[in-house]
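Asks: build me a structure from this.
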Amino acid sequence: MSDATMTNTATPLVIDCRKVTRTYSEGPEKLTIFSDISLEVSAGETVAIVGSSGAGKTTLLNLLGGLDKPSSGQIAICGQNIHGMSEAGRARFRNQHLGFVYQFHHLLPEFTALENVMMPLALAGQSPRQAKPKAEALLERVGLGQRLRHKPGELSGGERQRVAIARALVNEPNCVLMDEPTGNLDQHTGEGIRALIQDLRDNSGTAFIMVTHDMGMAKSLGRVLRLEQGTLVQES
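Replies: I've put the predicted structure just below:
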């Protein structure tokens, strides 16, 4: 494992990705997206992954989140080999330990902001009486305490992304995986999301792994790694 992908801290590892390769079959040929990728991410750390379009950044994020399986190698989250679990077990583990934020918010349009944020708690088996105060407190924390009853269509792009971030955090995950979370936002709104992520990281101990094309945001948040030509290296 290269120094570029290793942490230099005694903080417990949230992500431990070792010699991961992902290939796809195209007829008789195999297409290698990346090979022997290794990565360590500690609690409370933010790692930005940058690279050209088609380099495999989203594929790597999906592997780290257990949404796809590596062709070889091992990925442990909080010490657990997620790809050794059943599909149902992996889904339960994701709900307990991981949050996801995408470029498109993927909020359910027929539900309010509050109901969208309550959803992961309901899937974890919590009653509405248990879930509601947690969701309300988190929406207040991301600056949307006055927008609880608004549906996604009644919110701005930045507000919808804040709801998505609150939804990703409501189960107090060990790690949040973010795929271009500011890609559809203007610069001012994107800066507000960056500041929010920084505050949440600093005050929750949650690790964040973000795929982004925005080098300014990437460098402001923490360690920056570049995925290029199938390898992951430290960005200078």
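
Asks: the helix or strand containing Arg92: what's the following helix or strand?
Replies: Assigned by DSSP states H and E, Arg92 belongs to helix 87-97. Going down the chain from helix 87-97, the next helix or strand is strand 98-101, by DSSP H and E.

Asks: return the distance of that next one from the chain's centre.
Replies: 4 Å (C-alpha atoms, centre = their mean, to the nearest Å).

Asks: for the helix or strand of the chain with the lowest mean pLDDT, buried residues please.
Replies: Lowest by mean pLDDT, DSSP states H and E among the helices and strands of the chain is helix 187-204, with a mean of 79. Buried residues in helix 187-204, counted by 16 or more other C-beta atoms under 10 Å: Thr189, Gly190, Glu191, Gly192, Ile193, Arg194, Leu196, Ile197, Gln198, Leu200, Arg201, Ser204. Heads up, the C-betas are built off the backbone N, CA and C, glycines and all.

Asks: any idea which of those residues is closest to Gly158?
Replies: Thr189 (3.8 Å; C-beta to C-beta).

Asks: the closest one reaches Gly158, doesn't it?
Replies: Yes: at 3.8 Å, Thr189 counts as touching Gly158 under the criterion of C-beta atoms under 8 Å.

Asks: would you list every one of the strands in this protein?
Replies: Counting by DSSP state E, one finds strands in the chain at the ranges 13-26, 29-42, 46-50, 72-77, 80-81, 98-101, 175-179, 207-211, 223-228, 231-234.

Asks: what's the most buried one of these?
Replies: strand 207-211 (a mean of 25; mean count of other C-beta atoms under 10 Å).

Asks: that strand pairs with which strands?
Replies: If you go by DSSP bridges, strand 207-211 pairs up with strand 46-50 (parallel), strand 175-179 (parallel).

Asks: indicate which one of those is closest to Phe34.
Replies: strand 46-50 (11.3 Å).

Asks: angle of that closest one against helix 187-204?
Replies: Here strand 46-50 points in a direction 140 degrees away from that of helix 187-204 (axes from the mean of the first three to the mean of the last three C-alpha atoms, to 10 degrees).

Asks: give me the contact list for strand 46-50.
Replies: Contact with strand 46-50 is made by 39, 41, 57, 60-61, 197-198, 201, 207-213, 215, 217-219, 221-227, 232, 235, as judged by C-beta atoms under 8 Å, 6 or more residues apart in numbering.

Asks: check stretch 193-202 too.
Replies: 44, 46, 141-143, 158, 161-162, 165, 169, 178, 181-182, 185, 206-208, 210, 217, 220-221.

Asks: if you set the cut-off to 10 Å instead, what comes out?
Replies: The contact list for stretch 193-202 (C-beta atoms under 10 Å, 6 or more residues apart in numbering) reads 44-46, 101, 138, 141-143, 157-158, 161-162, 164-166, 168-169, 176, 178, 181-182, 185, 206-208, 210, 212, 214, 216-218, 220-222.

Asks: in PyMOL, how would I select just the buried ones from the residues you listed?
Replies: Only the buried entries of those go into this PyMOL selection, using 16+ other C-beta under 10 Å:
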select buried, resi 44+45+46+101+138+141+142+158+161+162+164+165+166+168+169+176+178+181+182+185+206+207+208+210+212+214+217+218+220+221+222
